[in-house]
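Participant: The sequence isn't on hand, but the structure is:
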């Protein structure tokens, strides 16, 4: 979790100076902060602050020390963030990370604000209108105005007077927006004109005609970073806000009543704002989805939308209809994929989000542009770009999910794998899986015991599952997230944290637990050492909710378990999965997994089943690390061949796993071993009647140093 954003770091001195001013009147800190920033903005614009406050009903101004104002102004200047954007950032009043998450509000980094403003500025002409329906303190509109001011101060002044529109549910947010844009005004009259275009209320409310009154034909540009909150309130969320994983979780009657009231209100609101949209595929509506629908509805034709939204827009099942509408209405469509490694938000660095730019109108271009973007200290930039034919998206999956492809080579490889394979969840395909979460680690916690009894079964938790292994870690001590676990050499020292009485299992789960099934860890990562962690779950155990299990409608169910486990743990399938997920492998993504076509009854199928079984039974077979590596290499080679891949494809795939071999000795002069990558490429080249002398030479040198391929993190 990133606790501090890049903007926080740059503005720390300004925040510290503001905090000193606020400390003089701690009971009214918010008013002191906003008044200070308003005064700075008015001084820049040459507007009398007393008249400014009177114009907007703010009452008498608090006394603000001149030396503190100078310190704040100097700190903002030293931050190198443009003044209007810095004022917008400093006007934010919700600072606590948990409160941000609860509200679904992730305030926009100045670098992202510039990025969202760029397509607006590129197409802008005087007289065009721009709206932000969830504006917060106005940093996106400030970025637009700042870009216009760099061309001409008169353009920026005219923009805030007559072409800039915004809405927000919080009066304090709009006050921050007004002060941040005041720096572009030439008079108080300019700010009054701006204020007439600000809507205090819920832009999603169907009862508001504010937007239609001002622009019945739609806005030329919609720019927004809408809330990412999901419209729901559940007992589980209430628990998560106050308690810890693994604790004995119980709600009081009062808490239960509050939860039910929250549920009722959330459902009522969801019905109000989305009841007639027809764009949801079920599930709880996400606010980003509703604001994307709003943008398509209120943008003019032709028009342009520039939105910052979670990556669910390109991969969530519930966004299928919205994706279809976006593809249909966008003449040009550009999607930039970001993660949070550049500290844009105070959230997990692996979290993926998108900058979506759609030029609305007809006819549509035959492709969309998919970029992967990064941020440096000052701006964002494209690290890679590929044009994906729109027709291919429908071919990949009828849910119109868009894989995260970076280059033409990746697009070509993914397309061929798709054509030479099958989707795991294809109703007419060979797998016919039944996926179930067996017991919940939170809701069933009261049914768990620490000591084994004659009627208890072990509980398999997510941290215990690795590739081919359901007992990769053993419990040592502690509880919750602070529990201590250690790697298990081969599973023979099996030690779960919890046991569960068979009598407490639901009847269907009790029956299921008596059979072999496949399982996978659903909390994983696109950039982890390996993403898909699948294992055969033996009879006599029950799996927690982070390890969903799979049974197959097959005459040879056990064979299907070992076959699927072998294929799922291959590099080829893992590479394809990394194109469509971030941190959670849900059922929708699982069913979209590209699997090779392996004909039933063939020697290849029989061999993969045998390999899957042997790799699941390393303890019983006493397999050495070298023997494990030999079998895993054979699995990968067989899967590569089933997908009809060439050596260059394999090199590309293996380059997507930079965290391999961290525990292995590196070659002289290198920071990390690449023994697995070199082994796979070398062996597949030999299999393809080719050769890769460099990879083979590197493999030989690594072996001489004692390196063993496929010895991944949990097996060290």
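Facilitator: Ah, there it is. Fair warning: this is a prediction, and the values are worked out from it, not measured in the lab.

Participant: quick one: low-confidence ranges for the stretch 351-500 of the chain?
Facilitator: Within the stretch 351-500 of the chain, not a single segment meets pLDDT under 70.

Participant: can you give me the helices for it?
Facilitator: Ranges of helices within the stretch 351-500 of the chain are 390-396, 408-419, based on DSSP state H, counting those that start in this stretch.

Participant: Could you dump these into CSV and include distance to residue 210 and mean neighbour count?
Facilitator: The C-beta positions use only the backbone N, C-alpha and C, and glycine is treated the same way. Shown next, in CSV, are these (distance: least, CB to CB, whole Å; neighbours: other CB atoms under 10 Å):
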stretch, distance to residue 210, mean neighbour count
helix 390-396, 35, 15
helix 408-419, 44, 17
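
Participant: Using CSV, lay out these together with distance to residue 489.
Facilitator: Rendered in CSV, the data for the helices of the stretch 351-500 of the chain read as follows (distance: least, CB to CB, whole Å):
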stretch, distance to residue 489
helix 390-396, 41
helix 408-419, 35
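
Participant: looking at those helices, which is closest to residue 454?
Facilitator: Nearest to residue 454, of all the helices of the stretch 351-500 of the chain, is helix 408-419, at 49.1 Å by CB to CB.

Participant: mind listing what the closest residue to residue 621 other than its chain neighbours touches?
Facilitator: Residue nearest to residue 621 in three dimensions, not counting chain neighbours: residue 614, with 6.1 Å by CB to CB, 6 or more residues apart in numbering. By CB atoms under 8 Å, 6 or more residues apart in numbering, the residues touching residue 614 are 621, 623, 631.

Participant: which SS class is the closest residue to the second one other than its chain neighbours?
Facilitator: In this case it means residue 623. Nearest non-adjacent residue to residue 623, counting by CB to CB, 6+ apart: residue 614, 7.1 Å away. Under DSSP: H, G, I helix; E, B strand; the rest coil, residue 614 falls in the helix class.

Participant: From residue 465, how far out is residue 614?
Facilitator: Computed as CB to CB, to the nearest Å, the residue 614 to residue 465 distance reads 18 Å.

Participant: and if you look at residue 406?
Facilitator: Separation of residue 406 from residue 465 (CB to CB) stands at 29 Å.

Participant: More neighbours: which of these two?
Facilitator: Taking other CB atoms under 10 Å, residue 406 and residue 465 do not tie; residue 465 has more neighbours (27 against 17).

Participant: buried set for the lengthiest strand in the chain?
Facilitator: Criterion DSSP state E: the longest strand present in the chain is strand 299-310. Buried positions in strand 299-310, judged by neighbour count with 16 or more other CB atoms under 10 Å: 299-300, 303-310.

Participant: Need the nearest residue in space to residue 326, chain neighbours excluded.
Facilitator: residue 358 (6.2 Å).

Participant: Spit out the contact partners of the one you found.
Facilitator: 304-305, 326, 329-330, 332-334.

Participant: And residue 303, by the same measure?
Facilitator: 218-222, 359-361 are the contacts of residue 303 under CB under 8 Å, 6+ apart.

Participant: where does residue 698 land in three-state SS?
Facilitator: Taking three-state DSSP as the rule, one finds residue 698 in the helix state.

Participant: what do you get for the one 5 residues further on?
Facilitator: Secondary structure, three-state DSSP: residue 703 is helix.

Participant: Can you give the domain ranges for the protein?
Facilitator: Split into domains by automatic domain parsing, the chain comes to 6-229+286-375, 235-274, 433-595.

Participant: roughly how far is the last one from the heart of the chain?
Facilitator: The offset between the C-alpha centroid of domain 433-595 and the centroid of the whole chain comes to 23 Å, using CA atoms, centre = their mean, to the nearest Å.

Participant: With stretch 341-355 instead?
Facilitator: Its chain's average C-alpha position is 8 Å from that of stretch 341-355, according to CA atoms, centre = their mean.

Participant: mind checking which helix or strand of the chain has the lowest mean pLDDT?
Facilitator: The weakest-scoring helix or strand in the chain, judged by mean pLDDT, DSSP states H and E, is helix 97-103 (a mean of 42).

Participant: helix or strand right after it?
Facilitator: Downstream of helix 97-103, the first helix or strand assigned by DSSP states H and E is helix 110-123.

Participant: now the angle from that next one to strand 299-310?
Facilitator: Counting by axes from the mean of the first three to the mean of the last three CA atoms, to 10 degrees, helix 110-123 lies at 160 degrees to strand 299-310.

Participant: how about helix 110-123: buried residues?
Facilitator: Going by neighbour count (16+ other CB under 10 Å), the buried part of helix 110-123 is 110-121.

Participant: Which elements pack onto it?
Facilitator: With contacts taken as 3 or more CB pairs under 8 Å, 6 or more residues apart in numbering; DSSP states H and E, helix 110-123 sits against helix 83-90, helix 139-151, strand 219-224, strand 299-310, strand 353-360, strand 367-375, strand 380-389.

Participant: just how off-centre is the last one within its chain?
Facilitator: It stands for strand 380-389. Taking mean C-alpha positions (CA atoms, centre = their mean), strand 380-389 and its chain are 18 Å apart.

Participant: Contacts for that strand, please.
Facilitator: Strand 380-389 has contacts (CB under 8 Å, 6+ apart) with 111-112, 114-115, 336, 338, 342, 366-375, 402, 405-408, 410-411.

Participant: what mean pLDDT would you report for the longest strand of the chain?
Facilitator: Taken as a whole, strand 299-310 has a mean pLDDT of 97.

Participant: next structured bit after it?
Facilitator: Next element after strand 299-310 (DSSP H and E): helix 312-315.

Participant: What lies in contact with that following helix?
Facilitator: Outside helix 312-315, the residues that touch it by CB under 8 Å, 6+ apart are 286, 288-289, 292, 318-319, 322-323, 335, 354, 356, 401-402, 404, 580-581, 589.

Participant: So which of the residues you listed sit within helices?
Facilitator: Secondary structure from DSSP state H places 288-289, 292, 322-323, 589 of these in helices.

Participant: which two from the residues you listed end up farthest apart in space?
Facilitator: Distances among these were taken as CB to CB; the most separated pair is 292 and 589, at 20.6 Å.

Participant: Just say helix, strand or coil for residue 262.
Facilitator: In three-state terms, and counting by three-state DSSP, residue 262 is helix.

Participant: what about the stretch 1-150 of the chain, any weak spots by pLDDT?
Facilitator: Ranges of the stretch 1-150 of the chain meeting pLDDT under 70: 1-3, 93-106.

Participant: do that again at 90, thanks
Facilitator: By pLDDT under 90, the weakly predicted segments of the stretch 1-150 of the chain are 1-4, 22-29, 59-69, 92-107.

Participant: all helices for the stretch 151-300 of the chain, in order.
Facilitator: Going by DSSP H, counting those that start in this stretch, the stretch 151-300 of the chain shows helices at 153-158, 171-182, 188-195, 210-214, 235-242, 253-274, 287-298.

Participant: and the closest residue to residue 408 other than its chain neighbours, what are its bridge partners?
Facilitator: Excluding its sequence neighbours, the residue lying closest to residue 408 (CB to CB, 6+ apart) is residue 386, at 5.8 Å. Beta-bridge partners for residue 386, by DSSP bridges, are residue 370.
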